[in-house]
Each structure stands twice: as C-alpha cells, then as structure tokens.
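Visitor: sequence first, predicted coordinates after that:
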Amino acid sequence: MPEATATDWAIVFAHAEPFDFEPGDAIVRAGDQERALYLLVDGALGVRVPDAQERLKQIDAPSLVGEVGFVDGGPRSATLEALSAGTIVRLDFDAFERLAAAEPALAHRMLLDLARVLAARLRMLTERR
C-alpha cells in the first residue's frame, strides 16, 4: 500500500502475527491449506514450485506474499523458503475480517492493493511466455 501511513501499518500489524525467520526456513509449503497473507518486512524469500529443479524467483522485502491462497482459499501453489534472516507478518483471513469490520476504508485499500499485486504478477507471468 504505497499511500499507507504509519498509523495504517500499526493497525494492520495489531491484527497480525509477526515472526522472525532464518535462512532455510519454509514460510509456506506448496500444497498446504492455509488462508493467510504475509507481509515480508525484512529479508528475502525464494519461490519454488512443485517439481521444479531451480528456484522460480527471489522476493525481497518489502513485499506481499501468499496472496493467491489468501484470496481463493485453495492450497498453496509454491513453497516460500527464507534465503536470509528476516521478519514476516502473517495476517490470516479471520484477522483480516476483524480488521475490515473495525477499519473498512483501510481494508478496502488493502484489497485494491492486493488486486494490483495479483494483476502485476499475472502480467509478469504472461509476458514471459
């Protein structure tokens, strides 16, 4: 959310669970059923899809990850592995619903930004072909 204020982020983080990670930690695993969004605050993650020999890409902080599973509730499509030490903030769907009830305008902006991220990542994939 490019226009988010420090107060906006404090509200989001108050509904979320931050945790630190170390190189090699799996943040999410392909196939897991989990409806949560992750805000990568510090560090870098590698993205691996099932049966791939090489890492698909690297994601550096700050970034949003886990958006597909958060939106559709389906199984995770990729594994996210920590490439460095860092911090990530987990916002599960129930916590987002509580945030949306308390701060509907902020939740609306988050959803629009989430849609922008999904569209950009889809566009990137289709442009590679």
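Guide: Okay, I see it.

Visitor: is it correct that P23 is in contact with A82?
Guide: Yes. Counting by CB atoms under 8 Å, P23 touches A82, with 5.4 Å between them. No exception for glycine: its C-beta is placed from N, CA and C like everyone else's.

Visitor: have a look at the two and say which one is more surrounded.
Guide: Neighbours per residue, other CB atoms under 10 Å: of P23 and A82, the larger number sits with A82, 20 against 13.

Visitor: how much space separates that one from A102?
Guide: Distance, A82 to A102, by CB to CB, to the nearest Å: 31 Å.

Visitor: also R121?
Guide: 29 Å.

Visitor: pick out the least confidently modelled helix or strand of this protein, by mean pLDDT.
Guide: helix 104-128 (a mean of 89; mean pLDDT, DSSP states H and E).

Visitor: who's in contact with it?
Guide: 1-4, 8, 11-12, 37, 64, 67-68, 70-71, 96, 99-100 (CB atoms under 8 Å, 6 or more residues apart in numbering).

Visitor: quick one: buried residues of that helix?
Guide: 106-107, 109-110, 113-114 (16 or more other CB atoms under 10 Å).
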